[in-house]
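J.: Need the 3D shape of this:
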Amino acid sequence: MTDEITKAYRELSALIDDGMLRMGKTIWTNGEPDVDKWQPIETAPKDGTRILLYGYECETQWNVCYWVTEEEQGYTGWHGWDWPEYEVPSHWMPLPEPPK
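T.: Now for the predicted structure:
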């Protein structure tokens, strides 16, 4: 059973990574964040809105996250798939509109 779970996790991770890469390519220029769209992290919404975070020195450089509180998640900070709670992002931007 453990091998099946591990395989399913890896397949799901690959799909998520592929989607994140495709989304990231639309907002990065020459391997760097497009500064016209990225905003300082101090201006990010902390109301549960999902946004794209970026942190140059972070283990996971960018990810879709939202702000959580101690009561909701057991810590206060940014929460998202594969975004460690100790990471401190430097920039954020709204998510693009979904395809139609």
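J.: how near is Met93 to Tyr54?
T.: For Met93, the distance to Tyr54 equals 8 Å [C-beta to C-beta, to the nearest Å]. In this view, the C-beta of every residue, glycine as well, is placed from N, C-alpha and C.
J.: who touches both of the two?
T.: Residues touching both Met93 and Tyr54 by C-beta atoms under 8 Å, 6 or more residues apart in numbering: Trp38.
J.: More neighbours: those two, which one.
T.: Tyr54 (21 against 18; other C-beta atoms under 10 Å).
J.: Show the pLDDT at that one.
T.: For Tyr54, the model assigns a pLDDT of 88.
J.: for it, what are its contacts?
T.: Tyr54 is in contact with Pro33, Trp38, Gln61, Trp62, Pro89, Ser90, His91, Trp92, Met93, counting by C-beta under 8 Å, 6+ apart.
J.: The last one belongs to a helix?
T.: No - residue state for Met93 (DSSP: H, G, I helix; E, B strand; the rest coil) corresponds to strand; a helix is not indicated.
J.: wait, Gly80 sits on Val68?
T.: No - in this structure, Gly80 is not within contact of Val68 by C-beta atoms under 8 Å, at 9.6 Å.
J.: and for those two, which residues touch both?
T.: What both Gly80 and Val68 touch, as defined by C-beta under 8 Å, 6+ apart, is an empty set.
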